[in-house]
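J.: Structure for the following, please:
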Amino acid sequence: MSLDAILDDYLAHVSTERGYSSHTVAAYRADLADLLSFAEQRGITTVEGIDLAVLRDWLWVATERGLARATIARRAASARGFTHWMTRRGDLASDPGARLKAPRAQRTLPRVVGVPALDEAFARLAARAGGDDPVAVRDLAIAELLYASALRVSELVGLDLGDVDRRRRTVRVTGKGSKERVVPYGAPAAHAIDRYLDSARPVMLVDRPATTAVFVGARGSRMGSRSVYRLVASILEQIPGTGPSGPHAFRHTAATHLLDGGADLRAVQEFLGHASLGTTQIYTHVSAERLKESYRTAHPRA
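T.: Have a look, this model is predicted:
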């Protein structure tokens with residue numbers, strides 16, 4: 001079997017059996033296609049030729065090209081998953097990826113927006129939505145729900161009408177690994193969502209094909225992630241601060257505000273849909289940094 005055919009089998013495995021998202025599968029495809037191209041350039045045409053030395057050389061070349069540590073770490077993880085799978089199904093006698101190491105990705109604290117700045121941003125959105133523009137009404141609903149429920153952008157754009165329980169103020173979302181969870185949202189988000197679903201969305205779908213998508217674009221089809229990124233970037237560019245300006249900033253902000261307000265770490269883990277508590281713990285560091293900054297600016301003997 002050719003290397004390309006084996007790669008196709010592996011991608012089908014992680015997509016159907018492991019339930020990985022299309023974005024994750026695409027990242028695996030890019031990483032592993034690069035690995036196989038690297039191997040073929042060195043005359044390797046069978047999987048048996050992909051040994052630890054080849055894997056290390058592949059990462060070294062990527063490092064010399066100046067790729068970020070996070071990218072190198074992701075490539076190493078992709079290779080380890082691939083060789084482990086090939087070993088399990090008998091394509092390899094032993095797993096060369098088991099001993100493959102890569103530099104740890106540098107972990108930076110996520111961007112968090114303060115409550116006053118966030119209130120001002122929502123006030124600006126509400127003012128825009130005060131007229132008859134259905135897009136402005138939709139944008140307010142998106143921003144409110146992203147913050148209220150700490151959704152990933154893929155979870156937000158994947159929402160269908162049946163996933164929103166307006167009476168209970170909850171949404172059912174499908175997260176990473178096709179795992180479902182139900183998360184609540186508060187009164188401001190409820191008001192914005194109700195208005196959007198009752199008045200703005202029907203206007204946006206006039207003379208358009210029917211769709212079950214909650215959030216729709218100008219053409220009446222399901223809204224894409226890029227459109228949400230642009231919307232959130234336009235909101236955050238008006239707020240002082242540095243760091244990423246995508247929808248994840250709202251997710252980071254919501255998680256940090258929950259912990260600041262006294263929420264239990266494991267409850268926040270469930271709320272965010274994290275498989276590991278260690279992933280959620282980064283927000284405790286954010287809260288600690290915010291406490292230190294408050295201390296430095298307010299305490300007379302800081």
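
J.: Any stretches of the protein with poor pLDDT?
T.: Within the chain, the ranges that satisfy pLDDT under 70 run 103-110, 241-245, 278-302.

J.: Could you list the domains of it?
T.: In terms of domains, the chain is parsed into 3-99, 115-298 (source: automatic domain parsing).

J.: Redo these as CSV? Include mean neighbour count.
T.: From N, CA and C alone the C-beta is placed, and that goes for glycine too. Shown next, in CSV, are these (neighbours: other C-beta atoms under 10 Å):
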stretch, mean neighbour count
domain 3-99, 16
domain 115-298, 16
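
J.: who touches residue 213 in this structure?
T.: Shown in contact with residue 213 (C-beta atoms under 8 Å, 6 or more residues apart in numbering): 157, 159-161, 221-223.

J.: let me fix that: residue 186
T.: Contacts of residue 186 (C-beta under 8 Å, 6+ apart): 148, 169.

J.: could you measure it against residue 156, distance?
T.: Plainly put, residue 186 is 16 Å away from residue 156 if you go by C-beta to C-beta, to the nearest Å.

J.: can you check residue 25 too?
T.: 20 Å.

J.: Equivalent analysis for residue 1, please.
T.: Relative to residue 156, residue 1 is positioned 40 Å away (C-beta to C-beta).

J.: Including distance to residue 78 and secondary structure, could the contacts of residue 213 go into TSV?
T.: Listed next are the contacts of residue 213 as TSV, based on distance: C-beta to C-beta, whole Å; DSSP: H, G, I helix; E, B strand; the rest coil:
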residue	distance to residue 78	secondary structure
157	25	helix
159	29	coil
160	31	strand
161	36	helix
221	32	coil
222	29	strand
223	29	coil
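
J.: any idea which of these is closest to residue 131?
T.: Using C-beta to C-beta, residue 223 comes nearest to residue 131 of the contacts of residue 213, at 20.6 Å.

J.: give the contact list for that closest one.
T.: Counting by C-beta under 8 Å, 6+ apart, residue 223 touches 157, 213, 215-217.

J.: again, only using 7 Å
T.: 157, 215-217 (C-beta atoms under 7 Å, 6 or more residues apart in numbering).

J.: Residue 189 now?
T.: By C-beta under 7 Å, 6+ apart, residue 189 lies in contact with 144-145, 148.

J.: where's it, which helix or strand?
T.: Element membership for residue 189, per DSSP states H and E: helix 187-195.

J.: how distant is that helix from the center of its chain?
T.: Relative to the mean C-alpha coordinate of its chain, helix 187-195 is positioned 24 Å out (C-alpha atoms, centre = their mean, to the nearest Å).

J.: From residue 182, how far out is residue 113?
T.: Shown here: residue 113 relative to residue 182, a distance of 25 Å by C-beta to C-beta.

J.: Residue 99 now?
T.: To residue 182, residue 99 is 42 Å away according to C-beta to C-beta.

J.: Could you say which helix or strand holds the residue lying closest to residue 33 once chain neighbours are set aside?
T.: Nearest non-adjacent residue to residue 33, counting by C-beta to C-beta, 6 or more residues apart in numbering: residue 7, 6.8 Å away. Residue 7 belongs to helix 3-12 when assigned by DSSP H and E.

J.: Only alpha carbons, please: show that helix as CSV.
T.: Extracted in CSV, the C-alpha atoms of helix 3-12 (Å, rounded to 0.1, in the frame of the first residue of the first chain):
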residue,chain,number,x,y,z
LEU,A,3,2.1,6.1,1.7
ASP,A,4,-0.7,8.3,0.5
ALA,A,5,-3.2,5.4,0.8
ILE,A,6,-2.1,4.7,4.3
LEU,A,7,-2.4,8.4,5.2
ASP,A,8,-6.0,8.4,3.8
ASP,A,9,-6.8,5.4,5.9
TYR,A,10,-5.5,7.1,9.0
LEU,A,11,-7.4,10.3,8.3
ALA,A,12,-10.6,8.3,7.8
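
J.: Thanks again, I'm all set now.
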